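[1] sequence and predicted structure are below.
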Amino acid sequence: MPAREMRMEMFLRALMRRDFNKAKSHLEKLEKMVGNDEWGRGYSRAINGFISALKDNDTDALIVQLVKEVDHEKAKQLLEHFEGILKHEFRDEYEKGYYTAWIEFLRAYLTQKTLGVRRGKRGANEKA
């Protein structure tokens, strides 16, 4: 697995735990990896938005909805949608970076086996 994708998984896990200090540390490392060109700025905008939406508990934000209520089907649909957007030839580098961050986040989200168990709480269907 490429280093950026591994870092995105660590970033996701920190966000799921609402450990914003650790998430910020991973965010900074991701930003160094992607650089400061147009593509990198788009990528950075997306991951900064993830943290901001979760800190503010913006219930209209997709990221908050995915973290609060684990929904693999919704995540798969979003992944397909964002991959489709990325294929549009008219997208500029900023948009490509932005949607790449979403795609990497969603791929990491979909590979996690323990997303349903967070902050010591268990769902009604899960055994102790």
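    Good, I have the coordinates.
[2] which residues touch the closest residue to residue 92 other than its chain neighbours?
    Using CB to CB, 6 or more residues apart in numbering and skipping residues adjacent in sequence, the residue nearest residue 92 is residue 38, 6.8 Å away. Placement of C-beta: from N, CA and C, glycine included. Listed by CB atoms under 8 Å, 6 or more residues apart in numbering, the contact partners of residue 38 are 92, 93, 94, 97.
[3] does residue 13 really touch residue 112, like I thought?
    Yes: in terms of CB atoms under 8 Å, residue 13 counts as a neighbour of residue 112; the distance is 7.5 Å.
[4] okay, these two: which has more neighbours?
    Using other CB atoms under 10 Å, the more surrounded residue of residue 13 and residue 112 is residue 13, with 17 against 14.
[5] check which helices and strands the lowest-mean-pLDDT helix or strand in the chain sits against.
    Of all helical and strand segments in the chain, the minimum by mean pLDDT, DSSP states H and E falls on helix 62-68, at a mean of 91. Applying 3 or more CB pairs under 8 Å, 6 or more residues apart in numbering; DSSP states H and E, we find helix 62-68 packed against helix 3-16, helix 38-56, helix 72-86.
[6] ok, then the element right after the last one?
    Moving toward the C-terminus from helix 72-86, the first helix or strand encountered (DSSP states H and E) is helix 93-111.
[7] show me what contacts the spatially most central residue of the chain?
    The residue lying closest to the centre of the chain (CA atoms, centre = their mean) is residue 105, at 3.3 Å. Going by CB under 8 Å, 6+ apart, residue 105 touches 8, 11, 12, 46, 47, 50, 63.
[8] what pLDDT does it get?
    Looking at residue 105, its pLDDT reads 96.
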